[in-house]
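> Fold the following.
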Amino acid sequence: MSMVLKYLKESTLPIVLVFLLLMLKVFADLTLPLYTSNIVNIGIQQGGLETAVPAVITAQTYAAVEAHMDSDNAAILSESYRYDGDTYLLPAYVLVDDAPLQEATILPILARLGMGETGRPAPESILKQAALAYIRTDLEVLGVDVPAIQNSYIVQVGLRMLAISALGVAASILVSYFASRVAARLGRRLRGDVFKKVVSFSQDEMDRFSTASLVTRSTNDIQQIQQSFVMILRVVIFAPMMALGGLFRVLRTNSSMSWTIGVAILAIFTIVITMFALAMPRFKRLQILVDNVNQVVRETLNGLQVIRAFNTQEHERLRFEKANTELTATSLFVNRAMSGMMPLMMLIMNLTAILIIFNGGKHIQAGTMQVGDMMAFIQYAMLIIMSFLMITMLTIMLPRASISATRIKEVLQTPITIDTATSTLPFPPEPQGRVEFNHVGFTYPGANTEAISDISFVAERGTTTAIIGSTGSGKSTLLNLIPRFHDVTSGSITIDGIDIRQRDLKALRKLVGYVPQQGLLFSGTIASNIAYGEPGLTSEAIEAAAEIAQAGTFIGEKPDTYQSPIAQGGVNVSGGQRQRLSIARAIAASPKILLFDDSFSALDYRTENNLRKRLRTDLPATTVLVVAQRISSIIHADTILVIDEGRLVGKGTHAHLMQSCPVYQQIAHSQLSLQEIKNHG
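From the prediction side, this is the model:
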């Protein structure tokens, strides 16, 4: 989680506000049970009278109290009360708690007067109730509206409870608001950094993580961290403060019943540890199973035409059903385990409340506890239990979030094979585009043999260099080394005499126009796809690139021409149209070097021939490298490279290779008729 903490530096102020607001909520939640206790004890049982030392008593009561006192206490009584002719008053400046007159002297006497001269010892709470009953009777004799005092007290305390409740509600809302903002900002930054990292991956890193896994990590895992962090931010601060505050209040209310809370907490920990042991292994597997389902769905959608062509829908359905069933079973187990926790917790809370009432009833009967105190004790017990429940739930959420964080961390901390930090040498203002391979070798990560070995050649400015060979011979690999989709493992590739590993990577790829085997288009319009490498391209330049790529004709036939929509992946245009738009996109960027990776395969001979002519006439200074399967596509190239099992076995023009290269001769005889060979020979 240290990675997550690094992302929270910019959210320091909201986190501090959350901390302060949670302290306010803890204060509100811990204060409400006190007011509940006061309403029951004072408002209902004591008739709204807060103390057993009356503020005003009749002369008759004064005389009765004085008669039961010794001379010292009688002197204190005389100093405290003032006679006004009919009654005795306790002046406002005489504080009941600090004055010499203490409840220890007057309360037993008033209680004895209220209960009669029984002479039997009684607990203090019973004495206080008896004393207050006598005081209420005395106040009624004086004509005081005792019910009004009671109602006034209950209303005042009730209004305070409403105000504190409103304060707690406001604090909860603000905590949720700020916590959600902090978590959303965390998710946004994580998604942004993961996306930037993935975009910077070379093919080696992409091969390490499957596409489906990267999608899951960028969405599901980050969402898991975001959702968990909202709870973590609230629980980590709130639950310990509430638990400690509740324990402090409980001990002040009645320490003799605190063992009931200990029993409840022990039961909670037992259930949570059991659930933890059962569910945690499934939590770890859950994310892997989500990856598997995404992988199957992605492969099915990408290969839908192949699936239909071979009638393997049932096989794919069963394959998806297997992955889906496994994910569903694991999710159900986890969700059932988590869902079962709450009823068990509610059972523990209810049993705890019953246990408190059972023991509290005994204390009330014995006079050592009041009803309001027992109600407050129950409320504090529920708050403490809920706090420990939140803490234990956090121990379940943290590992799950930690698993997701680890998966994100794997992506963010994956070293980039193609390091751009040392590739900072800029190209000159007018680069020539001369490409030279010097004894180049390349081995794929994890492979035992080289994909290409000891390749050396020069592609001069304004020339066309073609690369041909059998399937799997390394043609595309060789081409992909130029824009540094991979880095060579031996030898070097130079452009204008400088190793491309020393050149600025963005500048290098700006210099190169690349057309892949499969023409990939993005959702948007025809114009936006052609101008993809140069967003500020003028409409004239877009049209010129389309004309060179032989795409102008079919674009002009569309109702919206260059503003015609393109669906994701270019699925609403044909394969040949997709290839021509991909070629136009590469040409529109005005590169010095054009790379065609078998990009003419979907073009008919006439369209391909016209395209090659336009490339020679409109881009005479551009260095062109073409990977092809058909000799007819490269027969007029300035230089033809013949690759066989990763090695350069022939180099020269078509006529030269027909005389000197057996591998090229085999390819030519397999593709051309004797007459065609004679005509081009």
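
> So what touches the helix or strand containing Thr617?
Element membership of Thr617, judged by DSSP states H and E, is helix 605-618. Outside helix 605-618, the residues that touch it by C-beta atoms under 8 Å, 6 or more residues apart in numbering are 464, 544, 547-550, 576, 580, 583, 594, 600, 603, 622, 624, 632-633, 636. Glycine gets a C-beta too; all of them are placed from N, C-alpha and C.

> can we see that at 6 Å?
Helix 605-618 is contacted from outside by Ile548, Gln550, Phe600, using C-beta atoms under 6 Å, 6 or more residues apart in numbering.

> What about the residue nearest to Leu508 when sequence neighbours are not counted, how many residues nearby?
Counting by C-beta to C-beta, 6 or more residues apart in numbering, Ile500 is the residue found nearest to Leu508 once chain neighbours are left out, at 5.7 Å. Using other C-beta atoms under 10 Å, Ile500 has 23 neighbouring residues.

> Gly491 is in contact with Ile500, correct?
No - the criterion here is C-beta atoms under 6 Å, and Ile500 misses it with Gly491 at 11.8 Å.

> What residues sit buried inside the helix holding Thr617?
By 16 or more other C-beta atoms under 10 Å, the buried positions in helix 605-618 come out as Thr607, Glu608, Asn609, Leu611, Arg612, Leu615.

> Same check on stretch 186-195?
By neighbour count with 16+ other C-beta under 10 Å, stretch 186-195 contains the buried residues Leu186, Gly187, Arg189, Leu190, Arg191, Val194.

> May I have the helix holding Thr617 as PDB, with CA atoms only?
What follows is helix 605-618 as a C-alpha-only set of coordinates in PDB (Å, rounded to 0.1, in the frame of the first residue of the first chain):
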ATOM      1  CA  TYR A 605      -2.400  -5.900 -59.100                       C
ATOM      2  CA  ARG A 606      -3.600  -2.700 -60.900                       C
ATOM      3  CA  THR A 607      -4.100  -0.800 -57.600                       C
ATOM      4  CA  GLU A 608      -0.800  -2.000 -56.300                       C
ATOM      5  CA  ASN A 609       1.000  -1.000 -59.500                       C
ATOM      6  CA  ASN A 610      -0.600   2.500 -59.400                       C
ATOM      7  CA  LEU A 611       0.400   2.900 -55.800                       C
ATOM      8  CA  ARG A 612       4.000   2.000 -56.400                       C
ATOM      9  CA  LYS A 613       4.200   4.500 -59.300                       C
ATOM     10  CA  ARG A 614       2.700   7.300 -57.200                       C
ATOM     11  CA  LEU A 615       5.200   6.500 -54.400                       C
ATOM     12  CA  ARG A 616       8.100   6.900 -56.900                       C
ATOM     13  CA  THR A 617       6.800  10.100 -58.500                       C
ATOM     14  CA  ASP A 618       5.300  11.900 -55.400                       C
END
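
> about what we covered before: and which of the contacts of helix 605-618 is nearest Met369?
Met369 has its nearest neighbour among the contacts of helix 605-618 in Phe600, at 93.3 Å by C-beta to C-beta.

> What helix or strand is the closest one located in?
Judged by DSSP H and E, Phe600 forms part of no helix or strand.

> how many neighbours does it have?
A count of nearby residues for Phe600, using other C-beta under 10 Å, gives 26.

> show me what contacts it?
Phe600 is in contact with Glu608, Ser633, counting by C-beta under 6 Å, 6+ apart.

> how far away is it from Ala549?
Remark: distance between Phe600 and Ala549 (C-beta to C-beta, to the nearest Å) = 11 Å.

> Ok, Thr443 next?
Thr443 is 35 Å from Ala549, by C-beta to C-beta.

> List the contacts of Thr417.
For Thr417, the contacting residues are Ser202, Asp204, by C-beta under 6 Å, 6+ apart.

> which SS class is it?
coil (DSSP: H, G, I helix; E, B strand; the rest coil).

> cool, the one 10 residues further on as well?
Here Phe427 takes the coil state, with states given by three-state DSSP.

> In contact with it, which residues?
Going by C-beta under 6 Å, 6+ apart, the list of residues near Phe427 reads Ala507.
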